[in-house]
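*Asks:* predicted model, plus sequence, below.
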2 protein chains.
Amino acid sequence: MTPPPAKPTRRDALDNRERILTVARQTLGTSGSASLSAIARQAGVGIGTLYRHFPTREALVLELYRHDIQYLMDRAPALLTEHEPLVALRRWFDEVAHYGRLKFGVSEVIHAATNGGLDDEYYEPFVHAIGVLLDAGAADGSLKSGLDPEDVLLQLSVLWRIDPARDGAEERAARILALIVDGLKA
Amino acid sequence: MTPPPAKPTRRDALDNRERILTVARQTLGTSGSASLSAIARQAGVGIGTLYRHFPTREALVLELYRHDIQYLMDRAPALLTEHEPLVALRRWFDEVAHYGRLKFGVSEVIHAATNGGLDDEYYEPFVHAIGVLLDAGAADGSLKSGLDPEDVLLQLSVLWRIDPARDGAEERAARILALIVDGLKA
DNA sequence: CAACGTACCGGAGACCCCTCCGCTTAGCAA
DNA sequence: TTGCTAAGCGGAGGGGTCTCCGGTACGTTG
């Protein structure tokens, strides 16, 4: 989670970047699905400008939620200081699931991220956070050892495929998390 | 897995349908990503005609693999006659994973199917097949009881997100399947 | 303060998805 | 055979994504 990639130096460029982010926060934050062309129009910039600043839709959304994601990643070690590894793991999963359900759009993005196609500026910290939890669990014998964090992240990505609008979405997420955790236990 | 939905009655309609499927089998079957407009053009029909016959891209692909999918679904009860439930479950998972890795495009489709948005003509049999396996496992005590087949299908859908081109794709699929099965055990 | 190089702008354009609706024609009925 | 009619055709059109490159203006340098 390094600073924003290749911050523009010129003033107008920075202004544009901010305007785009402001508009995106409103539209993407609420609807979840808004055309990039519409965002560019509302922000008063050309479509080309938007794409230069944020090469993909994911890049834009990730930038919106940069801080939140950072927070989630930091929670992994924090939870480990408060709970036993197994509990910490489960709590962290819950928090991730809960967050993904709130902020529409993040789901799609993390989904994309787990595909590996994304710049791993976001992928790697995610894998790292999981790795920390898995290591702790392996150390105290509650989890299998030798687990691959990427495998687990992939399993987690299923959460984003639960339609939050449908009834019982939350329960389903909880059930699946329980299954995943059971599979990881030693 | 009922007969094709709403078979057209007129001859020209049927001809068009077949020509579309023939072209699709070649293009989608090999590349996996081909524009529907290109398929329509190659098949010598208007884009509107293609969309009338196959309302979505998934509908088209699913039609291509109808028989294969049917075969997979039938394998579930068949495996149960040859193996203990737990083994049958694992074997069936393997077959599904293996098949999905071969036929490019199926992945996307089942992925979409698991979203529920799809006509459940395909979704339901899938859930049913899993249900049969889960029931057998619950009956002999090797699996948890009360498992929701839809949950399991959702977990399985993660398989389609493993890039088959990347190294170690097969191993990763196997690892994840093992984790899933472990999570289902009693 | 002028002038210049380049970082950045912005929209036209290529391509795609999907819908809608006026036109065509297959197949039936007289 | 000759209508007739609705099932079916097909492409124009609206909206979207993403690229590319001629033009603009920022900030620096003399």
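*Replies:* Received, thanks.

*Asks:* spell out which parts of chain A neighbour DNA strand D.
*Replies:* A:10-12, A:35-38, A:47-48, A:51-52, A:55-57 (CB under 7 Å from any atom of the strand). (C-beta placed from N, C-alpha, C; glycine too.)

*Asks:* got phi/psi on residue A:185?
*Replies:* Residue A:185 has phi and psi values of phi -60, psi 150 when expressed as degrees, to the nearest 10.

*Asks:* isn't it right up against residue A:144?
*Replies:* Yes: the criterion here is CB atoms under 8 Å, and residue A:185 meets it with residue A:144 at 7.1 Å.

*Asks:* of these two, who's got more company?
*Replies:* residue A:144 (16 against 13; other CB atoms under 10 Å in any protein chain shown).

*Asks:* looking at the residues of chain A next to DNA strand D, spot the one nearest DNA strand C.
*Replies:* Each of the residues of chain A next to DNA strand D was checked against DNA strand C using CB to the nearest atom of the strand; the closest is residue A:48, at 1.8 Å.

*Asks:* tell me the secondary structure at the closest one.
*Replies:* Assigned by DSSP: H, G, I helix; E, B strand; the rest coil, the conformation of residue A:48 is helix.

*Asks:* okay, now the domains of chain A?
*Replies:* A:11-64, A:66-184 (automatic domain parsing).

*Asks:* now those in TSV, with mean pLDDT and distance to DNA strand C?
*Replies:* Putting the domains of chain A into TSV (pLDDT from 0 to 100; distance: least, CB to the nearest atom of the strand, whole Å) gives the following:
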stretch	mean pLDDT	distance to DNA strand C
domain A:11-64	93	2
domain A:66-184	87	16
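
*Asks:* out of the ones you listed, flag the one nearest chain B.
*Replies:* domain A:66-184 (3.2 Å; CB to the nearest CB).

*Asks:* first vs last residue of that closest one, how far apart are they?
*Replies:* The stretch domain A:66-184 measures 29 Å between its terminal residues, going by CA to CA, to the nearest Å.

*Asks:* stretch A:39-59 now?
*Replies:* 14 Å.

*Asks:* tell me how far it lies from the chain's centre.
*Replies:* Centre-to-centre, stretch A:39-59 and its host chain are 21 Å apart (CA atoms, centre = their mean, to the nearest Å).

*Asks:* and that stretch, does that touch chain B?
*Replies:* No: Stretch A:39-59 stays clear of chain B (CB under 8 Å from any CB of the partner chain), getting no nearer than 15.1 Å.

*Asks:* residue contacts, the nearest residue to residue A:42 once chain neighbours are set aside?
*Replies:* Counting by CB to CB, 6 or more residues apart in numbering or on different chains, residue A:42 lies nearest to residue A:23, which is 4.7 Å off, once chain neighbours are set aside. Residue A:23 sits next to A:39, A:42-43 when contact means CB atoms under 8 Å, 6 or more residues apart in numbering or on different chains.

*Asks:* out of those, which is most surrounded?
*Replies:* Of those, residue A:39 is surrounded by the most neighbours, 23 neighbours in total, counting by other CB under 10 Å.

*Asks:* in CSV: the domains of chain A, plus distance to residue B:71.
*Replies:* CSV is the format used below for the domains of chain A (distance: least, CB to CB, whole Å):
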stretch, distance to residue B:71
domain A:11-64, 37
domain A:66-184, 25
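
*Asks:* so which of those gets nearest residue B:62?
*Replies:* Across the domains of chain A, residue B:62 has its closest neighbour in domain A:66-184 (18.3 Å, CB to CB).

*Asks:* residue A:134 against residue A:143, yeah?
*Replies:* Yes: counting by CB under 8 Å, residue A:134 touches residue A:143, with 6.1 Å between them.

*Asks:* distance between the host helix or strand of residue A:86 and the chain's centre?
*Replies:* Using DSSP states H and E, residue A:86 maps to helix A:85-102. Distance of helix A:85-102 from the chain centroid (CA atoms, centre = their mean) equals 12 Å.

*Asks:* so it, near chain B or not?
*Replies:* No: for helix A:85-102, no contact with chain B is found by CB under 8 Å from any CB; the gap never falls below 12.8 Å.

*Asks:* check whether stretch A:159-172 contacts chain B.
*Replies:* Yes: on the criterion CB under 8 Å from any CB, stretch A:159-172 is in touch with chain B at A:161-163, A:166, A:172.

*Asks:* just the helices in chain A please.
*Replies:* If DSSP state H is used as the criterion, the helices of chain A fall at A:11-30, A:36-43, A:47-53, A:57-64, A:66-82, A:85-102, A:106-114, A:120-139, A:149-156, A:169-184.

*Asks:* for the residue lying closest to residue A:99 once chain neighbours are set aside, what are its contacts?
*Replies:* In this structure, residue A:99 finds its nearest non-sequential neighbour in residue A:72, 6.1 Å apart by CB to CB, 6+ apart. By CB under 8 Å, 6+ apart, the residues touching residue A:72 are A:95-96, A:99, A:129.

*Asks:* show me which of those are buried.
*Replies:* A:96, A:99, A:129 (16 or more other CB atoms under 10 Å in any protein chain shown).

*Asks:* got the residues of chain A near chain B?
*Replies:* With CB under 8 Å from any CB as the criterion, chain A meets chain B at residues A:114-116, A:148, A:150-151, A:154-155, A:157-158, A:161-163, A:166, A:172, A:175-176, A:179-185.

*Asks:* sort out which of those residues are buried, if you could.
*Replies:* Here, 16+ other CB under 10 Å leaves A:114, A:148, A:150-151, A:154-155, A:157-158, A:161-162, A:172, A:175-176, A:179-181, A:183-184 buried among the residues of chain A next to chain B.
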